[in-house]
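A.B. asks: what shape does this take:
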Amino acid sequence: MFAKRLIDKALLHHSNHKLRHGGLQGGELDPRIVFHYGIPSTASVLAFDPIQRLLAIGTLDGRLKVIGGDNIEGLLVSPKQLPYKYLEFLQNQGHLVGVLNDNDIQVWNLESRSLVCSLQWESEITAFSVVSGSHFIYVGDQHGLFSVIKFEAEEGQLLKSSYNLSAKFLREAAGFPDPSVQPIIGILLQPSSFGNRLLIAFEDGLLILWDVSKARIVFLGGGKDLQLKDEDSSPSTETGANLPANIMEQNLGDKEITALCWASSTGSILAVGYLDGDILLWDLSSSAPSKDQQTSSKNVIKLQLSTAERRLPVIVLQWSDSYKSQSDSAGQLFVYGGDEIGSEEVLTVLTLEWSSGMESVRCTNRADLTLSGSFADLTLLPSPGAKGLNSKDEVFVLTNPGQLHLYNSDSLSTLTSQQKRMPSVPAVEFPVLVPMADPSLTVAKLVRLPSKSNSSKILTEVASALRTGLRSGSAPSDWPLTGGVPSQLSTTKGAEVECVYFVGYSNGSVLVCDATYAVLSYICNIEGEVKGTKVAGSDAPVTKLDFCSVSLLLAVGNECGLVCIYDLKVHSSRQNFQFVTQSKSEVHDVPQGKETRCSAVFSLLDSSVQALSFANSGTKLAIGFSSGRVAVCNMNSLSVLFLIDGAPGSTSPITSLVWKQEACFPSYVNLKQSDAASGNSLEEILFVLSQDSIINIVDGNNGKMISSRPLHVKESTAISMYVIESSISTFEASNDKPQNGLSKNTADNSPDEQEQPLSARVNSSEADLSSSEASHSGDLMLDPLVLLCCENSLRLFSAKSLIEGHKKPIHKVKHSKSSYWTSILKKDDKVCGLLSLLQTGAFEIRSLPDLHLVEESSLLSILRWNYKVNMDKTMCSDDYGHIVLANGSELALISLLAGESEFSNLEHLPCLHDKVLAAAADAAFRFSTTQKKKQTMVPGILGGIVKGLKGGKPSQTDMTKSAASNFGNLEDIFFKPLLRDPLPTVDIADNKVELDIDDIEIDEPNPPITKSSTSSPDVKKKQKDKLRDREKLFEGGTNKDDVKPRLRTPEEIMAAYRKTGDASSAAAQARNKLMERQEKLERISQRTAELQSGAEDFASLANELVKTMERRKWWQI
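C.D. replies: I've put the predicted structure just below:
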């Protein structure tokens, strides 16, 4: 006996230590987002990667949403909760660059879904552009300073270049010095220039096309001193008819730029939108005007969407080349803004065409796309593999709140085929796996199946059979977003279904999805109506769901009081279902099919179903109604066992129903049922909770009360109830001492709700350890605990005390704010904590059984969500720390517990960057570049001769520079010491070059240079003569290092260089010179004709090669 008491004392000490520390520690928590579906309601800016076919969306709360194909979506959350104002991909490189409102430039790695680096800019960023295909980024700020940044992928950092162009520098070079500070409003890279040419637009209207490699201005437009002159004073008209060739005289200094884009694939035409609603088309192919000149009306065309005096600013301009045109002279201009103030918010699409020159521009069609919400952004999506004039661009339009619409090529073709102004064309809605509206989501449930169980294998087979055909709302076959790579686990053949997500809708239907891995996949959709039989109320909104993992039965309750039972494992050719009421049961036949079979429909009360619970074995189903009644049905015979009041004398809605087997309870339950017939002991006990916080315990066979009296917690609204077994012993519960500040608030407790005193809760060691087997193994006799979760408090009871009629809690905690949803947390199949979500959006995680506060955070910090009414209706948990939440059009799963799981491993997530596609695209691009180099060799020679005729000499590097994909020249310019002139040069029309035919060098076949020829005496003599000439030129220096020439007098120069001889000899010399020039001109003409013929032959050959390559796929290259 003495030894037994020592053992009891040791066990008691161990139990109290475990209770004080609880079952959950702070280090075991790691809240994170597993998956996220839908468009955030705060979406504001778009970006598109045309190679990876990914769409990125920036929000006003610091989130980035990346969308690909095959239901692949990812959410990136910035540490700063600030809006993104610029967003661009580093195309085909797996990185996304965003700029926050505080001018913090961030680079995200799509593969690791992490923030790589950031750079805080010291001034306000007003223009931002990424050089396509490179790591260079161009930045313009409020002070008019142009800067360059480079992203070093290997080192993971942003490097700022010393290369910059100030507004003062550019304006002085352009001839428009201005002491005021004008911010850069836009930076556009000229197409096919590989970042070498960029257009810089200042807010006051000045346009400068800058050549980076040559450090000069190649085009100048706008500015305060430039005017548009109208020769015939023809007024501008609305863009419904042909545009006039000329425009009225106007000072461009008063026009503030608000938007701009290229209006041609070659970058020869620029569209600029202004604050007053005007749109100007600039022809950049002509020579730039100088300061003292006026822009010709032939080079600038004005578009007006409305003739009203007060118009909206032009906010967005985007250009799409027309695939019907075979030249760079047609397309569609997408315009947001520019219409009359107060008019309907629309997106205007102008179809423009011109034949030769800007004076022939015609607007052949105008269409206004009606928006479903306020406009946020738009982006053009070129078709995969298409380029330039042959592209069929599609348009994504983003509107508030979080609505994404696609206008595909078919819609745009319909738009342009009409010759008259037509209404909006239909848009393709963004496909969603789990619809949030129409029908609206009303309830959800997340169920985790027992690992490696038969039910998991059976459900896997059923899911494979049900996944046939296209589901409703799935993406069409030509959906443009196809990027990303699914996780290997989700695509592995024979992968078992271990977690299922059920969603109920307002039309009575239920969606079933596989949530085993970090991506949802469709299994089936269950219609609310029973085929072949009309059941009144079957299409009512779903209010409650429950699923039995043993029998694979799904119970669906709705507002009309119907409970439909679906058997997910039965797919026989002969099907029928039973319609069960309180008084009768009818059997109906239904047509055969592959869809999920409805086994039975229970119509017991005309009251909304508020609670459903299958018994552990799946043989019984408890139904709680809003009228306070509880029914228990037999699932084997599909009959009603009993229908009782959930709580005697109460009509409050039933909140929770919990089944527990009798084996979980000690002998005091059997003592309570001592009058039961022999062999008729309890199999299952049902705990019933009503909304007015009444707990009743009844027999699961007949509905008779087991407890002496129901527990009633007054002035509290119940949320949920949990019966926790195998977590705490009677010893632990009865010998625990409450902890200060955590266990109770005695001022708010009524006398009969004070915590149970120690003397009343302690049982003798002999009573609690009556089992010799339990003592021998070291386990204590388990006593289930009942956790009551109310809006304002948490209470923990002993199941024994409730059955005996005691209402004193073991622990009590009062919430600082009202709670509206709870979920238990399990680890290693044991309950270890409780999650409580408060109406402020904050959540508390407490350990069990001591209810100690372990973690406090908020949905705002994780998902950037605020609490919304009825959000708790669509929340669900699998009790293992995985919670699915819905908010507007967003659906997210967050994981709270740290540890090894399929959700915590990054390899199990879908990848947002396709490395195989990236490598294939790079290889194809290199091959295409090589072909272009070969095609441009002969034309390059011809171009060199033409350049020579203009006073220059052909450069071998210029022949292939435009076709090169290497950005090494930009690297040399931006990140090496600069040696440039103080002012750049400006190419203008007045700069006439004096031509001298003697400077023309004709390419003649040069004899091969041999070693003997270079070492001949004549060559050596010529080299010595050149050296002597150089010494004569720099004669007078003090030493060899001094190369400064000596100033010579006019007499010395005349003596050295003046020709001598009479007039006749001079005339003869001139005549010989003319004859030489004539012969040289003849040779030039002959050589030009030969090269032209060769170029034509080569062009024909190149066209044949292009046609051949177009028929080949990229993987055949």
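A.B. asks: can you give me the neighbour number for the residue lying closest to residue 840 once chain neighbours are set aside?
C.D. replies: The shortest distance from residue 840 to any non-neighbouring residue, by C-beta to C-beta, 6 or more residues apart in numbering, is to residue 817 (5.1 Å). Where you see a C-beta, it was placed from the backbone N, CA and C, and this is true even at glycine. The number of residues packed near residue 817 is 14, by other C-beta atoms under 10 Å.
A.B. asks: residues in contact with residue 817?
C.D. replies: Residues near residue 817 by C-beta atoms under 8 Å, 6 or more residues apart in numbering: 838, 839, 840, 842.
A.B. asks: and these, which are buried?
C.D. replies: 838, 839, 842 (16 or more other C-beta atoms under 10 Å).
A.B. asks: who does the first one bridge with?
C.D. replies: Beta-bridge pairing for residue 838 (DSSP bridges): residue 819.
A.B. asks: now do residue 684
C.D. replies: Here residue 684 sits in beta bridges with residue 661, going by DSSP bridges.
A.B. asks: quick one: residues contacting it.
C.D. replies: With C-beta under 8 Å, 6+ apart, residue 684 has these contacts: 615, 616, 617, 620, 659, 660, 661, 662, 700, 701.
A.B. asks: backbone dihedrals for the third one, please?
C.D. replies: In this case it means residue 617. The phi and psi values for residue 617, taken as degrees, to the nearest 10, are phi -90, psi -10.
A.B. asks: my read is that residue 217 contacts residue 208, right?
C.D. replies: Yes: if you go by C-beta atoms under 8 Å, residue 217 and residue 208 touch, sitting 5.7 Å apart.
A.B. asks: now tabulate the contacts of residue 684 in a markdown table and tack on neighbour count, distance to residue 651 and pLDDT.
C.D. replies: Output for those, formatted as a markdown table (neighbours: other C-beta atoms under 10 Å; distance: C-beta to C-beta, whole Å; pLDDT from 0 to 100):
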| residue | neighbour count | distance to residue 651 | pLDDT |
| --- | --- | --- | --- |
| 615 | 21 | 25 | 91 |
| 616 | 15 | 29 | 80 |
| 617 | 14 | 31 | 81 |
| 620 | 22 | 24 | 94 |
| 659 | 19 | 23 | 93 |
| 660 | 21 | 26 | 87 |
| 661 | 15 | 30 | 80 |
| 662 | 15 | 30 | 72 |
| 700 | 23 | 23 | 90 |
| 701 | 16 | 25 | 90 |
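A.B. asks: would you reformat those as a markdown table and include distance to residue 866?
C.D. replies: Output for the contacts of residue 684, formatted as a markdown table (distance: C-beta to C-beta, whole Å):
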| residue | distance to residue 866 |
| --- | --- |
| 615 | 39 |
| 616 | 38 |
| 617 | 42 |
| 620 | 41 |
| 659 | 36 |
| 660 | 37 |
| 661 | 42 |
| 662 | 45 |
| 700 | 42 |
| 701 | 47 |
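A.B. asks: ok so, going back, now for the contacts of residue 817: which two are most distant?
C.D. replies: Within the contacts of residue 817, 839 and 842 form the most distant pair, 8.9 Å apart (C-beta to C-beta).
A.B. asks: one step back: quick one: which of the buried ones among the contacts of residue 817 is nearest residue 110?
C.D. replies: residue 842 (31.2 Å).
A.B. asks: roughly how far apart are the closest one and residue 866?
C.D. replies: Going from residue 842 to residue 866 by C-beta to C-beta, to the nearest Å gives 11 Å.
A.B. asks: need the residues touching each of those two.
C.D. replies: Common neighbours of residue 842 and residue 866 (C-beta under 8 Å, 6+ apart) are residue 859.
A.B. asks: can I assume residue 519 is in contact with residue 486?
C.D. replies: Yes: taking contacts as C-beta under 8 Å, residue 519 lies within contact range of residue 486: 7.0 Å.
A.B. asks: find residues that contact each of the two.
C.D. replies: Listed as contacting both residue 519 and residue 486 by C-beta under 8 Å, 6+ apart are 72, 910.
A.B. asks: per-residue confidence for residue 1069?
C.D. replies: Per-residue pLDDT puts residue 1069 at 71.
A.B. asks: how about residue 487?
C.D. replies: Taking residue 487 on its own, its pLDDT is 82.
A.B. asks: do the same with residue 255
C.D. replies: Value for residue 255, per-residue pLDDT: 84.
A.B. asks: list the buried residues for stretch 785-803?
C.D. replies: 785-791, 793-803.
A.B. asks: so which of the residues you listed belong to strands?
C.D. replies: Secondary structure assignment by DSSP state E places 785, 786, 787, 788, 789, 790, 793, 794, 795, 796, 797, 798 of the buried residues of stretch 785-803 in strands.
A.B. asks: for residue 693, what are its contacts?
C.D. replies: 712, 713, 714, 716, 717, 718, 788, 790.
A.B. asks: possible to save these as CSV with distance to residue 260?
C.D. replies: Shown next, in CSV, are the contacts of residue 693 (distance: C-beta to C-beta, whole Å):
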residue, distance to residue 260
712, 71
713, 67
714, 69
716, 63
717, 59
718, 61
788, 64
790, 60
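A.B. asks: who wins for neighbours among those?
C.D. replies: Most neighbours among the contacts of residue 693, by other C-beta under 10 Å: residue 788, with 24 neighbours.
A.B. asks: run through the bridge partners of that residue.
C.D. replies: Residue 788 has these beta-bridge partners by DSSP bridges: residue 721, residue 795.
A.B. asks: wait, isn't it in contact with residue 713?
C.D. replies: Yes: under the criterion of C-beta under 8 Å, residue 788 makes contact with residue 713 at 6.6 Å.
A.B. asks: where do the strands sit along the stretch 351-500 of the chain?
C.D. replies: Ranges of strands within the stretch 351-500 of the chain are 362-370, 375-381, 394-399, 403-407, 428-429, 441-448, 499-505, based on DSSP state E, counting those that start in this stretch.
A.B. asks: list the contacts for residue 93?
C.D. replies: By C-beta under 8 Å, 6+ apart, the residues touching residue 93 are 135, 153, 918.
A.B. asks: same list (these) but as JSON lines, adding distance to residue 302 and pLDDT.
C.D. replies: JSON lines is the format used below for the contacts of residue 93 (distance: C-beta to C-beta, whole Å; pLDDT from 0 to 100):
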{"residue": "135", "distance to residue 302": "39", "pLDDT": "92"}
{"residue": "153", "distance to residue 302": "44", "pLDDT": "92"}
{"residue": "918", "distance to residue 302": "43", "pLDDT": "92"}
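A.B. asks: which of those are buried?
C.D. replies: 135, 918.
A.B. asks: so which of the strands of the stretch 351-500 of the chain is the most packed in?
C.D. replies: Highest mean neighbour count of those: strand 499-505, a mean of 24 (counted as mean count of other C-beta atoms under 10 Å).
A.B. asks: who touches that strand?
C.D. replies: 434-435, 439-449, 459, 510-516, 520, 523, 541-545, 547, 554, 556, 876, 878, 882, 884.
A.B. asks: among the residues you listed, name the buried ones.
C.D. replies: Applying a neighbour-count criterion of 16+ other C-beta under 10 Å, the buried members of these are 434-435, 439, 441-449, 459, 510-516, 520, 523, 541-545, 547, 554, 556, 876, 878, 882, 884.
A.B. asks: just the ones in helices from the residues you listed, please.
C.D. replies: When DSSP state H is applied, these are split such that residue 459 fall in helices.
A.B. asks: so what's residue 821 up against?
C.D. replies: 719, 836, 837, 871, 872, 875.
A.B. asks: then residue 546?
C.D. replies: 445, 554, 555, 612, 613, 614, 621.
A.B. asks: how close does it get to residue 880?
C.D. replies: 18 Å.
A.B. asks: swap in residue 32?
C.D. replies: Applying C-beta to C-beta to residue 32 and residue 880 gives a distance of 14 Å.
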